[in-house]
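Enquirer: Need coordinates for the below:
(chains A and B)
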Protein chains: 2
Amino acid sequence: MEKVEQLKNHLADVVHLRHAAAVLGWDQQVNMPPGGAPARAEQLATLSRLAHEKFVAEETGRLIEAAEAEVAGLDADHDAAALVRVVRHDYDLATRVPTALVEELARVTSQAHEIWARAREQADFAAFAPTLERILDLKRQEAEALGYKDRIYDALLDQYEPHMKTVDVERLFGELRTELVPFVAQIFERLDAVDDTPVRKRYDVERQAEFGLQVIKKLGYDLTRGRQDKSVHPFTTEFSINDVRITTRYQEDWMPSALFGSIHEAGHAMYEQGCYQGYEGTFLAGGTSLGVHESQSRLWENVVGRSRAFWSYFYGDLQRLFPEQLGQVDLEAFYRAINAVSRSLIRVEADEVTYNLHIMLRFELENDLLEGKLAVRDLRDAWNAKMEAYLGITPPDDGKHGVLQDVHWSSGLIGYFPTYSLGNFLSVQYWEKAVQDVPSIPADIARGEFGSLLTWLRENIHQHGRKYWPAELTQRVTGEPIQVRSFLRYLKEKYTDIYGL
Amino acid sequence: MEKVEQLKNHLADVVHLRHAAAVLGWDQQVNMPPGGAPARAEQLATLSRLAHEKFVAEETGRLIEAAEAEVAGLDADHDAAALVRVVRHDYDLATRVPTALVEELARVTSQAHEIWARAREQADFAAFAPTLERILDLKRQEAEALGYKDRIYDALLDQYEPHMKTVDVERLFGELRTELVPFVAQIFERLDAVDDTPVRKRYDVERQAEFGLQVIKKLGYDLTRGRQDKSVHPFTTEFSINDVRITTRYQEDWMPSALFGSIHEAGHAMYEQGCYQGYEGTFLAGGTSLGVHESQSRLWENVVGRSRAFWSYFYGDLQRLFPEQLGQVDLEAFYRAINAVSRSLIRVEADEVTYNLHIMLRFELENDLLEGKLAVRDLRDAWNAKMEAYLGITPPDDGKHGVLQDVHWSSGLIGYFPTYSLGNFLSVQYWEKAVQDVPSIPADIARGEFGSLLTWLRENIHQHGRKYWPAELTQRVTGEPIQVRSFLRYLKEKYTDIYGL
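Expert: Modelled structure (predicted):
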């Protein structure tokens, strides 16, 4: 595999530059004093440019072609073949868009952030509309440059969820809509059935941190190959398979934020940490898509972390740490409190029942905007109409409760939202298969033994890194394509019980 | 200045890559989980190689020549002329040594570190001798490649202290030896006159950190453009004029370590922070030499931080923080304790009186080794003989108390040691001029007002960055070349008083 080795060596610089940029990005959000900002922006721009230049160089193209010829006879399952396939995919994505367009997008979205933040603050959609118009125009050009067969959205979606098609997402959301919208309406009529005040008391931040760290260590997040810090926005970042870091933010008056946030990020991090060590420093390391990544974070956060089994093990510890807040709250009341559903207008605060309706709405609007079926000037009304249709609520403002709430569009991230829902669907689909393969998993969790689940995830998902595209991986793991059935069954069972429907 | 601008733009990548590497290096020593080490080494190697390749590229040479032509008519004092001069200096240093030799040195010193650490541990000089032989051979080749007129040592010294000559260092050490060796002998006869037990009690590390931070903020270390963390070996590093970080280590049973260590690193950091903002991102930012850098750290650490005036302001605060340890210790007893002289065999633990004798010894041995006047096999005996001659003590072992104590030689750092002493000499020479220019400085310090000194240092030294070579800078600032007279006067006055000689 001489040509494949040459390709690998050539790309090692790209990997190192990207990881170096990730270290600088982590430091920027975790440690950097304010004075460091201007120079840091320059340093990051230089590292990104050098990584990009090295990657899109003609030499890369030649090396890929030579490597493709070398692996032509190999089984598709061979690591060398997978590496060349993944590099080809990324190289085509990176080279199809003209540099002038890439630069224009960077320029416009960098200015857009300020404009969006101010418009959101002032709940003034009209102030952001012309900028969004411009971004959509550039994203359409980008999609045309990337190419697509069926729907323009396919080209953008593919950047985050390789080979996933818009029609398939529509089909999944179609099933979800049919079943979930009436189910949510039923729950909304019984919101009083659950009391979440136990988790809305004051919880000392130091103790929250202590407990959260204890939990994620127990789940299997390896702190000899990672660390946890504080940042304004929680995130996971990796500089190696063996240095995968997470951040958390703490709210004194809403305990679930940091706790489930930590479990969520640890879920992402364990995926990265579980990658086969032989992929270190190559394009095969990392998660295969944003959707599969989100399946890991949500599996640990919701399917495991918000389950009765999980808390039957951990609740005693939490009560001992917070006797004032939880001494009089029994396990069942706590379990219900952390699973309370609410009429939230804000996606990032939404519970697991309503969350995907927020995503579906955005996915539909993005498609309509890109395809010219919806004008930007009508976006706000369309948003509010869908909120009413899916969730039965109308935003009181266009700012943080309405159409301007998310940062994504101002950053040019169009086609990104559906990966959150794909992750939620997959989290339960994988979980069901894991429990089918290893029936002791729920009982193991109830006695604080998370190794059986983590081992199954490592063997079936984590170790493969980017070797299989998401659809291939899901087929291999579960024997069927991605489906929403498992997720709906899970939600209905869990919440019919909690809300006594 | 079109050509100068082109050169500056071309070199911006080099500066950004070096600063990115510095961030990765800082993270490695402050935050990195152990698992991250192998990948980090690769990332750092890639960043260093890319920075080096970009810098030594022929294009750089052409741009320097064009820029030199452009600044030819300018006053030497012009920033553009200074920039081109500094870049030419660094470029010649970087390009004169053949790549094969650079790589061989990197290889040998990287292996040498392990060998040295084990030999030091086992106090076995013979185990390190062949490696040192090899390193000396390579350093001689490096010196020949760099070129020199008079002494082979000049070529190596120049890397750390541009344009400083070996004969001048010999002259300075000659004066030092004549006056200091007998003075130290006098003090050694009266060691009982000072009791350092007050600073050898148990001091809570958290409180040490709190006090240290309060002190360095008060001195003028700007924490909106820096931060302080813990690390095994204290250091200062900068990613920008506006992001200059320091680290400290804490010893529970020897309070001066962290406190004076923090002041020392803050002294380095204030030099970097004080650079003219117009030099940001160029080769003119930073300190002009290791010696001048050390003058800043030692001025704050010793001349200011170990003075009566300083403690007449701070001692009350320290006593309140440590009433058990210091409640019964008066200011004078504390002042004497932090200035205790000892028969230390270990350079890094040496007091300010004996410190430079340790350096002089190393400087002399390095010269003799390089010039072939001393064989490596005789180094240990030569070391011990000089320890006896200068300090009147003989090491009980060749490990941490003897010839193997320092990391420098195993790292190929030959010619580096004298910069410590140059820094000590300059610290007092600059201080005397500062007080001559602004006579209120000592009184200002006694009332906790450090702005008058810092302003003088900024105006006369810090702001210039690398614009003037060290000798030029010292001449401009003090009206004379570097001298040891001021330093000796300072030591004799201070310690004649403390030890009642």
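Enquirer: CA only for contacts and neighbour counts going forward, please
Expert: Noted.
Enquirer: What does the pLDDT read for A:Ser452?
Expert: What the model reports for A:Ser452 is a pLDDT of 98.
Enquirer: Pretty sure it sits against A:Ile441.
Expert: Yes. Under the criterion of CA atoms under 8 Å, A:Ser452 lies in contact with A:Ile441, with a separation of 6.2 Å.
Enquirer: Compare those two and say which is more crowded by neighbours.
Expert: Counted by other CA atoms under 10 Å in any protein chain shown, A:Ser452 and A:Ile441 do not tie: A:Ile441 has more neighbours, with 21 against 18.
Enquirer: what about that one, distance to B:Gln208?
Expert: The spacing between A:Ile441 and B:Gln208, counted by CA to CA, to the nearest Å, is 49 Å.
Enquirer: Number of residues surrounding the closest residue to A:Thr354 other than its chain neighbours?
Expert: In space, not counting the residues next to it along the chain, A:Thr354 is nearest to A:Val184; the distance is 7.0 Å by CA to CA, 6 or more residues apart in numbering or on different chains. Using other CA under 10 Å, the number of residues around A:Val184 comes to 21.
Enquirer: what does A:Gln186 give?
Expert: A count of nearby residues for A:Gln186, using other CA under 10 Å, gives 14.
Enquirer: And it, what's its pLDDT?
Expert: For A:Gln186, the pLDDT comes out at 97.
Enquirer: show me the contacts for it.
Expert: A:Leu501 (CA atoms under 8 Å, 6 or more residues apart in numbering or on different chains).
Enquirer: sec struct for it, please.
Expert: Three states are possible here, and by DSSP: H, G, I helix; E, B strand; the rest coil the one that applies to A:Gln186 is helix.
Enquirer: I'd like to know how far it sits from A:Ser342.
Expert: From A:Gln186 to A:Ser342 the distance is 12 Å (CA to CA).
Enquirer: what's the answer for A:His52, then?
Expert: Applying CA to CA, the value for A:His52 to A:Ser342 is 44 Å.
Enquirer: now do A:Gly226
Expert: To A:Ser342, A:Gly226 is 34 Å away according to CA to CA.
Enquirer: all helices of the stretch 51-200 of chain A, in order?
Expert: Counting by DSSP state H, counting those that start in this stretch, the stretch 51-200 of chain A has these helices, from start to end: A:58-71, A:79-96, A:99-121, A:125-146, A:152-160, A:166-188.
Enquirer: any idea of the angle the shortest one forms with helix A:125-146?
Expert: Using axes from the mean of the first three to the mean of the last three CA atoms, to 10 degrees, one finds that helix A:152-160 and helix A:125-146 are set 80 degrees apart in direction.
Enquirer: Tell me who's in contact with A:Ile115.
Expert: A:127-128, A:131.
Enquirer: for A:Asp253, same thing?
Expert: Contacts of A:Asp253 were listed using CA under 8 Å, 6+ apart, and they are A:199-203.
Enquirer: Could you check the pLDDT of it?
Expert: We have a pLDDT of 95 for A:Asp253.
Enquirer: For the nearest residue to it once chain neighbours are set aside, give its distance to chain B.
Expert: Counting by CA to CA, 6+ apart, A:Arg202 is the residue found nearest to A:Asp253 once chain neighbours are left out, at 4.7 Å. Look at A:Arg202 and chain B: by CA to the nearest CA, to the nearest Å, they are 27 Å apart.
Enquirer: got it, and A:Asp437?
Expert: A:Asp437 is 31 Å from chain B, where distance means CA to the nearest CA.
Enquirer: tally of neighbours for that residue?
Expert: Residues within reach of A:Asp437, counting by other CA under 10 Å, total 11.
Enquirer: ok now stretch A:92-100, how far from the chain's centre?
Expert: 25 Å (CA atoms, centre = their mean, to the nearest Å).
Enquirer: swap in stretch A:115-122?
Expert: Distance, stretch centre to chain centre, for stretch A:115-122: 24 Å (CA atoms, centre = their mean).
Enquirer: tell me the contacts of A:Arg343?
Expert: A:Arg343 is in contact with A:188, A:391, A:393, counting by CA under 8 Å, 6+ apart.
Enquirer: mind listing what's buried in stretch A:105-118?
Expert: A:105, A:108-109, A:112-113, A:115-117 (16 or more other CA atoms under 10 Å in any protein chain shown).
Enquirer: got the CA positions of that stretch in PDB?
Expert: Coordinates of each C-alpha in stretch A:105-118 appear next as PDB, following Å, rounded to 0.1, in the frame of the first residue of the first chain:
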ATOM      1  CA  LEU A 105     -19.200  33.200   2.500                       C
ATOM      2  CA  ALA A 106     -16.600  33.600   5.200                       C
ATOM      3  CA  ARG A 107     -16.800  37.400   4.900                       C
ATOM      4  CA  VAL A 108     -20.600  37.600   4.800                       C
ATOM      5  CA  THR A 109     -21.200  35.200   7.700                       C
ATOM      6  CA  SER A 110     -18.500  36.800   9.800                       C
ATOM      7  CA  GLN A 111     -20.300  40.200   9.500                       C
ATOM      8  CA  ALA A 112     -23.700  38.400   9.800                       C
ATOM      9  CA  HIS A 113     -23.000  37.300  13.300                       C
ATOM     10  CA  GLU A 114     -23.000  40.800  14.600                       C
ATOM     11  CA  ILE A 115     -26.100  41.800  12.700                       C
ATOM     12  CA  TRP A 116     -27.900  38.700  13.800                       C
ATOM     13  CA  ALA A 117     -26.900  39.100  17.500                       C
ATOM     14  CA  ARG A 118     -28.200  42.700  17.500                       C
END
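Enquirer: beta partners of A:Ser240?
Expert: Beta-bridge partners of A:Ser240, counted by DSSP bridges, are A:Asp243.
Enquirer: Tell me, how many residues neighbour A:Arg320?
Expert: Other residues lying near A:Arg320 total 12 when counted by other CA under 10 Å.
Enquirer: no no, A:Leu321
Expert: Around A:Leu321 sit 18 other residues, with neighbours defined as other CA under 10 Å.
Enquirer: Equivalent analysis for A:Ala185, please.
Expert: By the measure other CA under 10 Å, the count of residues near A:Ala185 is 13.
Enquirer: can you check the one 4 residues further on too?
Expert: Counted with other CA under 10 Å, the neighbours of A:Glu189 add up to 11.
Enquirer: go on, A:Asp75?
Expert: By other CA under 10 Å, 11 other residues sit near A:Asp75.
Enquirer: how much space between the residue nearest the centre of chain A and A:Thr282?
Expert: The geometric centre of chain A, computed from its C-alpha atoms, lies nearest to A:Glu294 (CA atoms, centre = their mean), at 4.1 Å. Taking CA to CA as the measure, A:Glu294 and A:Thr282 are separated by 22 Å.
Enquirer: same deal with A:Ala81?
Expert: A:Ala81 sits 13 Å away from A:Thr282, going by CA to CA.
Enquirer: A:Arg134 too?
Expert: When distance is defined by CA to CA, A:Arg134 is 36 Å away from A:Thr282.
Enquirer: ok, these two, which is more surrounded?
Expert: When A:Arg134 and A:Thr282 are compared for neighbours, A:Thr282 comes out ahead with 20 against 15, by other CA under 10 Å.
Enquirer: Surely that one touches A:Val14?
Expert: No. Using CA under 8 Å as the test, A:Thr282 is too far from A:Val14 to be in contact (9.2 Å).
Enquirer: So the residue nearest to A:Asp253 belongs to a helix, correct?
Expert: No. For A:Arg202, which was evaluated using three-state DSSP, the result is coil, with no helix membership.
Enquirer: Can you get me a residue count around it?
Expert: Using other CA under 10 Å, A:Arg202 has 15 other residues around it.
Enquirer: who touches A:Arg207 in this structure?
Expert: Taking CA under 8 Å, 6+ apart as the definition of contact, the neighbours of A:Arg207 are A:Leu321.
Enquirer: for it, helix, strand, or coil?
Expert: Under three-state DSSP, the three-state class of A:Arg207 is helix.
Enquirer: ok so, going back, so which strand or helix has the residue nearest to the centre of chain A?
Expert: Assigned by DSSP states H and E, A:Glu294 belongs to helix A:290-298.
Enquirer: who does that helix touch, helix- and strand-wise?
Expert: Helix A:290-298 makes packing contacts with helix A:256-273, helix A:418-437 when contacts are defined by 3 or more CA pairs under 8 Å, 6 or more residues apart in numbering or on different chains; DSSP states H and E.
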